[in-house]
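J.: Just the structure for this:
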Amino acid sequence: MRFEDLIVMHTISKYPGSASANRINALAHSLKELGYKVIILCKYNSDSKELKTGDSYYYNGIEFRPYKDKKKITNKLINRFLFLSVLKENFDSEELKRVKCIYFTHKNYTLLTMLSLKKNKIKSVVDVTEFHEPFQFKYKIFDIKYLIHLFNIKLVIPNSQNIISITTYLKNIYDNKSKNIIVVPPQIIINDYKAHNDLEYNPVKFMYAGTITNKDYIGEILEGLCLLSEKDKHKVKFEIVGGSEEDFKKEFSNWFKYMNELKNVLTITNRIPKKELEKKLSNVHYTILLRPRRRYSEAGFPSKVPESLAAGVPVILNETSDLKDYIKDGVNGFIIKDFSALEVSEAIKSALSLNRTQYKNLSTNAYLTAKNNFDYTANLDELAKFLKNLK
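T.: Next comes the predicted model:
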């Protein structure tokens, strides 16, 4: 490694303050731990000015350089597709000489960017974290955003020589002997999470955090709670964090049943900032997450799982993506074998059957799973080898 080799991480997502930004920030700390100088290049947003120190911007000890988008549509397109012009505007010649590689999310790695980087012999790394399906877009298979996404995933990214994938499913799509590829699951900075409070185990508190839609089978969770005996319902609290009561009523035709049968169980809380959510995590016993077995869920990896584990909160979920490699039934969470309300009910009853000491063991195992697998220091050896082999 040359003295202070520089890695530039470019994102078009909001930084800081987005899910993509959280992953980038954790990866930046990993790279810094390996001895690299890291600078994040991102679009300017209203939060940026609050993070300015002198002439520079810092977030959690990582420097970032926000640039303002051009007003004219032609200049916006230059920013979006001809990345080198943005790079040269924000880095001086001495810094450019020290660039080891440029990191891109799959959202901003375009064909023109790839060609211009190869022409100028600049190495790049693409981080692939999603493989969407048509139903996730307004106009389904004819949606221009979906078509661009599909074009990049299937035709552009396969031509990249250095790929980070968030799951083995995505790795298997791009893997061949001529590529340099690594799996890096969602990462967290474990010291940012408040230690789990030593809660009484009655009532047992369950939480779902996310947008109130049935994509995560919230309906099945609610139906499973309804199947509990009245005695068990008195032991349970379930909080949905991510929308209003009005959102809840719009999404679920059975809302009256749920609010009536679970009136002493169910709480609905509107969206809250990430820091508040992290505090709330330390005051629940379990989080619940169900995902369908579809391409988008197999390709992605829900970041809320390592975030929950980092707070010492075991997760109740079904096996999708790489989750089966980390969550073990009765060890650091509970596994739901299908999407039925009955299975959800049985998993909740398994949780209720534990005593406080048994739960503490489960909580400790959850924390250790996060520390050993998802903390930004957990994949340093593999990451160092990946960077050494850049093509």
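J.: what's the helix or strand for the closest residue to residue 159 other than its chain neighbours?
T.: Take residue 159 and drop its neighbours on the chain: the residue closest to it by CB to CB, 6 or more residues apart in numbering is residue 114, 6.4 Å away. Glycine gets a C-beta too; all of them are placed from N, C-alpha and C. Using DSSP states H and E, residue 114 falls within helix 111-119.
J.: Could you do residue 131 as well?
T.: Here residue 131 is assigned to no helix or strand, by DSSP H and E.
J.: Just confirm it contacts residue 299, I think it does.
T.: Yes - using CB atoms under 8 Å, residue 131 is in contact with residue 299, at 3.7 Å.
J.: what sits in contact with each of these two?
T.: Counting by CB atoms under 8 Å, 6 or more residues apart in numbering, the contacts common to residue 131 and residue 299 are 169-170.
J.: wait, residue 6 sits on residue 35?
T.: No - contact between residue 6 and residue 35 fails when scored by CB under 8 Å: they sit 11.5 Å apart.
J.: residues contacting the most centrally placed residue in the chain?
T.: The centroid of the chain falls nearest to residue 303 when counting by CA atoms, centre = their mean (3.3 Å). Neighbouring residues of residue 303 by CB under 8 Å, 6+ apart: 19, 22-23, 186.
J.: the helices in the stretch 1-150 of the chain, which residues?
T.: 19-33, 73-81, 83-90, 93-97, 111-119, 144-151 (DSSP state H, counting those that start in this stretch).
J.: how about the first one: buried residues?
T.: It refers to helix 19-33. For helix 19-33, burial by neighbour count (16 or more other CB atoms under 10 Å) applies to 20-31.
J.: Quick one, which of the residues you listed has the minimum pLDDT?
T.: Ranked by pLDDT, the buried residues of helix 19-33 bottom out at residue 20, which scores 85.
J.: Grab the nearest non-local neighbour of it.
T.: Closest residue to residue 20 apart from its sequence neighbours, by CB to CB, 6+ apart: residue 13 at 3.9 Å.
J.: Where does the prediction get shaky in the stretch 201-350 of the chain?
T.: Scanning the stretch 201-350 of the chain for pLDDT under 70 picks out 214-215.
J.: Now do the lengthiest helix in the chain, average pLDDT.
T.: Of all the segments assigned as helix in the chain under DSSP state H, the longest by residue count is helix 356-373. Averaged across helix 356-373, pLDDT comes to 96.
J.: Please state the offset of the helix or strand following that helix from the chain centre?
T.: Beyond helix 356-373 on the C-terminal side, the first helix or strand identified by DSSP H and E is helix 380-388. Offset of helix 380-388 from its chain centre (CA atoms, centre = their mean, to the nearest Å): 21 Å.
J.: So what touches helix 380-388?
T.: So helix 380-388 is in contact with 30-31, 33-34, 36, 100-101, 162, 164, 180, 182, 184, going by CB under 8 Å, 6+ apart.
J.: returning to that earlier point: how far away is the residue nearest to residue 159 from residue 226?
T.: 52 Å (CB to CB, to the nearest Å).
J.: do residue 47 as well
T.: According to CB to CB, residue 47 stands 42 Å off from residue 226.
J.: Which one's more surrounded, the two?
T.: residue 226 (18 against 13; other CB atoms under 10 Å).
J.: residue ranges of the strands in the stretch 51-200 of the chain, please?
T.: Taking DSSP state E, counting those that start in this stretch, the strands of the stretch 51-200 of the chain run over residues 52-53, 56-59, 62-67, 99-105, 124-128, 162-165, 180-183.
J.: The shortest one: partners in the sheet, and parallel or antiparallel?
T.: Taking DSSP bridges as the criterion, strand 52-53 pairs within the sheet with strand 56-59 (antiparallel).
J.: what's next to the strand it pairs with, contact-wise?
T.: Contact with strand 56-59 is made by 15-16, 25, 48, 51, 63-66, as judged by CB under 8 Å, 6+ apart.
J.: Generate a ChimeraX selection restricted to the buried entries among those.
T.: ChimeraX command restricting those to the buried ones, with burial defined by 16+ other CB under 10 Å:
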select :15,16,25,48,64,65,66
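J.: now, among the contacts of strand 56-59, which is nearest to residue 261?
T.: Using CB to CB, residue 16 comes nearest to residue 261 of the contacts of strand 56-59, at 40.9 Å.
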